[in-house]
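In: Just need the structure, nothing else, for what follows:
(chains A and B)
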Amino acid sequence: MEFSAEHHGNVAVVLLPGESLDSATAREFRKSIEPILQKSSKVVFDMSGLRFVDSSGLGVLLSCLRVLNVGGGDLKLCNMSNSVRALIELVRMHRIFDIYPSKEDAIHAFSAK
Amino acid sequence: MVYIDDEPLQAKILAEAFRSEQNPQIELIYEQTLKTGLERLRKGEIDLVLLDLNLGDSRGLDSFTKVHAYAPTLPIVILTCNKDDELAIEALRRGAQDFLIKDFVHPKVVSRVIRYSIERKRMEEAIRYVAQGISAATGNLFFSFLVKNLTKALNIDCAFIGELTGENEDSVHTIAVCVKGEVRENFDFKFADTAAEEVIKKHIRTCASEALHRFPQDPLIREWNAQSLIGTALWDAKGRTIGLLLLMDSQARENMQLAESILQIFATRASAELDRRRAETELRLAREQEVEIGSRIQKTLLIGQPPKDMDNVEFATLSLASQRVAGDFFDFIKHSDDCVDVVVGDVMGKGITAALLGAATKSHFLRAINRLISSSKSPALPEPKDVVNLLHQEMTKQLIDLESFFTVCYARFDFKANQICFVDCGHTKTIHFRSREKKCGQLEGVNMPVGFYADEVYEQASVFFDEGDIFFFYSDGLTEAKSKAGEFFGLERLTRLIDENAHLGMSQLIRCIHRAVVDFSGTDKFSDDLTCVAVRIGLKEKLAPVSHLELTLSGNLSELAQMRSVLRGVCAGIKHKGWTANSIDELELAAQETATNIVLHALHENSAEKISILVDIFSDRVSLEFSYGGDGFDPSAVPQPSFDGSKESGFGLYIVKNCVNEMKYSGDSNGKNSMVLIKKFEL
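Out: Sure, this is the predicted structure:
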């Protein structure tokens, strides 16, 4: 699975690949993102390409969040579509994740304390 | 012939006498002892043995026994002394053809005895040969064996057995033909002006020579170069000629008697076989015709069409003919938008009689209703019990005469009073699914079948119904369908199926039940008609799906994206206030979660397994039915998810429940699972 990661200072911004993060693609994504999670402690997932996320995709996002938290870092999400947002809210994960409307807002949030 | 006697003088006398005889020409070969006699026999070309019972090296019956054992197909005539008649008779019993007393031997007598003995023995052998050949054979084998063995036994070139055919019975169609020992292809011919014609008309005909001269127009005689012929007619149990057996030889024959006798003996057996063969063919044709007629009767006369345009009720029917048509019938009579009658009945028995009676009964119902309506002073419809009682009056005498009867359930659905008023006459108990309790009960009937009992008075009963209630009428062909193990499908199984699938549309329900019966019995051909009528009381709007789509997936996660795409496409076409983009997203998500669960937990990602998804769009909702095999599922055993972020999984079911209005899982004992998701249009 290929995806691009840009660095803004010490924040890694990853544009999530493909149109959907679901039971078919979640496992592979989780494996491929591991190196980035090991290298950076401040990660932003840009979800502008994602149209569909299911519970497996959600599980993977949670897993990434936990790995980063354990290492003292954090994960922020941005550019979420309405339907993905609706899912996050349905399972009440909007209180667990930090969600921002844009990439810049998310990066900025890492510097503000 | 061989003459065995220890007195050479006797031989000389006989030999001298024979020389003057012409018919038959007898050549006498003299042997003095049994031993040399047997040796001579071994060399062959002997037609008869004339044996003195008193020989030097053998005495009495012993000699006979030895010769007979040595040459069982040769005729033996014994020579005895005056006092030995007991010995002679015993020898006859053991198989000697005849005996002569030494002192009374006259050449003419001897020659006659010899002649007849040879003939008789030949006939015995011929009969035995032919009889052995045909003893076990039946059907077509019998006929070919018969002609073959007859030609061989009688040393005749050609023979055939034929049966009379043709519209005017003017032709012969051969069943077995044997020419020079070989079975030949059968053929047909018109028998006017042929030898066959004479045989058929006069029952037996022989022609010892110059057959062509007698029957100049006979093509067979010409083709086979026949000089002599002999034939016998074959007849059925009533004595009518149905065929013939004809033998022809290229040589003229002097003595036809042997052939005639043998022919007569086998003609009877051949006739019986031919008669039986014809009867079997007729029976088979009759049966085929019956099935054909029966099927047409059923399609046109026995089943009625349910009213299609009613808002407040949904009908579905199933009518599967058995291999022989039977007497199941049903009909619908719509009196008004608020009143529909349903008649479901079963005439006892099978075959065309039952089917015709079913059709007659159906039309009698209509007649009875019309009669009552026109003779009534009030505008109210005749009560169901009045209809049945009038029907009973009109039909019972006929039914008793025909020794038949029928069971029927005549039910009136009254949508003003929300009641079903029914007369059940010995029919299978109609199943009533109550939507409030979500359980099935049965309508109890109190009456006898119609045609049982001339004095029966029919009573009706009434039951209230609610919206969503289902009434299921069926014939016993359904509940009595047998599995390979001999178990009946049964009322319990049927009831359970309806309980579990009551949420489906009536056509779907019937399809589901049909599938279940086919699975249960392991075949889709049944010995009794399968009939059912499903009725659902519904909202004042159309209950049948507006559109219907079927998808099939393999047990593979990679196909789910395709499923979602198709689903989105179908749902995008729904134009309704209560259906938004959000509705589509939610349904898509619910379908995804459900399908993922099925692939992972029921099918264990086995691509060979299949999931079938039925998508039905109604006027007020969308229904997705997932059907699959594999492991079952207990929704109540799934724990609530944890919302604190500590768990990454366990959200699937929670998501589904919150994205659709209804989620229903059912699994049957055959390992078939069904998950139904229903999402309503929000108002």
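
In: and the residue nearest the centre of chain A, what does it touch?
Out: For chain A, the residue nearest the mean C-alpha position is A:Phe45 (3.4 Å; C-alpha atoms, centre = their mean). If you count contacts by C-beta atoms under 8 Å, 6 or more residues apart in numbering or on different chains, A:Phe45 has them with A:Val14, A:Leu16, A:Leu61, A:Cys64, A:Leu75, A:Lys76, A:Leu77, A:Cys78. No exception for glycine: its C-beta is placed from N, CA and C like everyone else's.

In: Can you tell me how far the first one is from chain B?
Out: Spelled out, that is A:Val14. For A:Val14, the distance to chain B (C-beta to the nearest C-beta, to the nearest Å) stands at 19 Å.

In: Mind pulling up the pLDDT for that residue?
Out: In this model, A:Val14 is scored at 94, pLDDT.

In: residue contacts, it?
Out: Here A:Val14 is in contact with A:Phe3, A:Ser4, A:Ala5, A:Ile33, A:Ile36, A:Val43, A:Val44, A:Phe45, A:Asp46 (C-beta under 8 Å, 6+ apart).

In: among those residues, which are in helices?
Out: A:Ile33, A:Ile36 (DSSP state H).

In: buried subset of the contacts of A:Val14?
Out: A:Ile33, A:Val43, A:Val44, A:Phe45, A:Asp46 (16 or more other C-beta atoms under 10 Å in any protein chain shown).

In: what would these look like in TSV with distance to B:Ile161?
Out: What follows is the buried ones among the contacts of A:Val14, written out as TSV (distance: C-beta to C-beta, whole Å):
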residue	distance to B:Ile161
A:Ile33	91
A:Val43	99
A:Val44	100
A:Phe45	94
A:Asp46	96
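
In: ok so, going back, name the nearest of the contacts of A:Val14 relative to A:Tyr100.
Out: Among the contacts of A:Val14, A:Val44 lies closest to A:Tyr100 (C-beta to C-beta), at 8.2 Å.

In: ok, what's across the strand from the closest one?
Out: A:Val13, A:Lys76 (DSSP bridges).

In: Can you verify my assumption that it contacts A:Lys76?
Out: Yes - at 5.0 Å, A:Val44 and A:Lys76 qualify as touching, with contact defined as C-beta atoms under 8 Å.

In: Which neighbours do these two have in common?
Out: A:Ala106, A:Phe110.

In: What number of residues are in the vicinity of B:Tyr458?
Out: Residue crowding around B:Tyr458 was assessed by other C-beta atoms under 10 Å in any protein chain shown; the count is 22.

In: My error: substitute B:Thr174 in the last question.
Out: Neighbours of B:Thr174 under the rule other C-beta under 10 Å: 20.

In: what's the distance between it and chain A?
Out: 73 Å.

In: so who does that residue touch?
Out: When contacts are counted by C-beta under 8 Å, 6+ apart, B:Thr174 touches B:Phe160, B:Ile161, B:Gly162, B:Asn186, B:Phe187, B:Asp188.

In: Nearest spatial neighbour of the first one, chain-adjacent residues omitted?
Out: The one in question is B:Phe160. Of all residues not flanking B:Phe160 in the chain, B:Val177 sits nearest, at 4.4 Å (C-beta to C-beta, 6 or more residues apart in numbering or on different chains).

In: in its sheet, what does the helix or strand hosting that neighbour sit against?
Out: Assessed by DSSP states H and E, B:Val177 sits inside strand B:171-179. Taking DSSP bridges as the criterion, strand B:171-179 sits next to strand B:158-165 (antiparallel), strand B:182-184 (antiparallel), strand B:188-190 (antiparallel) in its sheet.

In: helix, strand or coil for B:Glu167?
Out: Here B:Glu167 is coil, with the state taken from DSSP: H, G, I helix; E, B strand; the rest coil.

In: Quick check: which ranges of chain A have low pLDDT?
Out: Applying pLDDT under 70 to chain A flags residues A:113.

In: Alpha carbons of the longest helix along it, in CSV - could you do that?
Out: What stands out as the longest helix in chain A, according to DSSP H, is helix A:55-70. The C-alpha coordinates for helix A:55-70 follow below in CSV (Å, rounded to 0.1, in the frame of the first residue of the first chain):
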residue,chain,number,x,y,z
SER,A,55,-16.0,-0.6,11.9
SER,A,56,-12.9,-2.4,10.8
GLY,A,57,-11.5,0.9,9.5
LEU,A,58,-12.5,2.5,12.7
GLY,A,59,-10.7,-0.2,14.7
VAL,A,60,-7.5,0.5,12.8
LEU,A,61,-7.7,4.3,13.5
LEU,A,62,-8.2,3.5,17.2
SER,A,63,-5.2,1.1,17.1
CYS,A,64,-3.0,3.8,15.6
LEU,A,65,-4.2,6.3,18.2
ARG,A,66,-3.3,3.9,21.0
VAL,A,67,0.1,3.0,19.7
LEU,A,68,1.0,6.8,19.5
ASN,A,69,-0.5,7.5,22.9
VAL,A,70,1.6,4.8,24.5
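
In: and it, what other elements does it pack with?
Out: On a contact count with 3 or more C-beta pairs under 8 Å, 6 or more residues apart in numbering or on different chains; DSSP states H and E, helix A:55-70 meets strand A:20-21, helix A:26-39, strand A:42-46, strand A:74-78, helix B:581-597.

In: export the ones you listed to TSV and tack on distance to B:Phe266?
Out: Putting the helices and strands packed on helix A:55-70 into TSV (distance: least, C-beta to C-beta, whole Å) gives the following:
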stretch	distance to B:Phe266
strand A:20-21	87
helix A:26-39	86
strand A:42-46	100
strand A:74-78	102
helix B:581-597	77
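
In: nearest to B:Leu357, of those?
Out: helix B:581-597 (50.5 Å).

In: other SSEs contacting that closest one?
Out: Packing partners of helix B:581-597 (3+ C-beta pairs under 8 Å, 6+ apart): strand A:52-53, helix A:55-70, helix A:82-90, helix B:560-572, strand B:610-617, strand B:621-628, helix B:652-659, strand B:673-680.

In: Could you pull up the contacting residues of the nearest residue to B:Lys416 once chain neighbours are set aside?
Out: Spatial nearest neighbour of B:Lys416, chain neighbours left out: B:Asp338 (4.9 Å); criterion: C-beta to C-beta, 6+ apart. B:Asp338 sits next to B:Asn312, B:Asp414, B:Phe415, B:Lys416 when contact means C-beta under 8 Å, 6+ apart.

In: again, only this time at 7 Å
Out: The neighbourhood of B:Asp338, defined by C-beta atoms under 7 Å, 6 or more residues apart in numbering or on different chains, consists of B:Asp414, B:Phe415, B:Lys416.

In: how near is the first one to B:Ser558?
Out: So that's B:Asp414. 55 Å (C-beta to C-beta, to the nearest Å).

In: Counting neighbours, go ahead and name the busier of the two.
Out: Per other C-beta under 10 Å, whichever of B:Asp414 and B:Ser558 has more neighbours is B:Asp414, with 17 against 13.

In: what sits up against stretch B:111-131?
Out: B:1, B:18, B:21, B:24, B:26, B:47-48, B:73, B:75, B:77, B:97-98, B:100, B:146, B:149-150, B:153-154, B:258, B:261-262, B:265-266.

In: Mind checking which of these are buried?
Out: B:1, B:18, B:21, B:26, B:47-48, B:75, B:77, B:97-98, B:100, B:146, B:149-150, B:153-154, B:258, B:262, B:266.

In: Among those residues, name the ones in helices.
Out: B:Phe18, B:Leu146, B:Asn149, B:Leu150, B:Ala153, B:Leu154, B:Leu258, B:Ile262, B:Phe266.

In: Can you tell me which of these lies closest to chain A?
Out: B:Leu146 (76.0 Å; C-beta to the nearest C-beta).

In: Run through the residues that contact that closest one.
Out: Neighbouring residues of B:Leu146 by C-beta under 7 Å, 6+ apart: B:Val130, B:Ile134, B:Ile161, B:Ala176, B:Phe266, B:Ala270.
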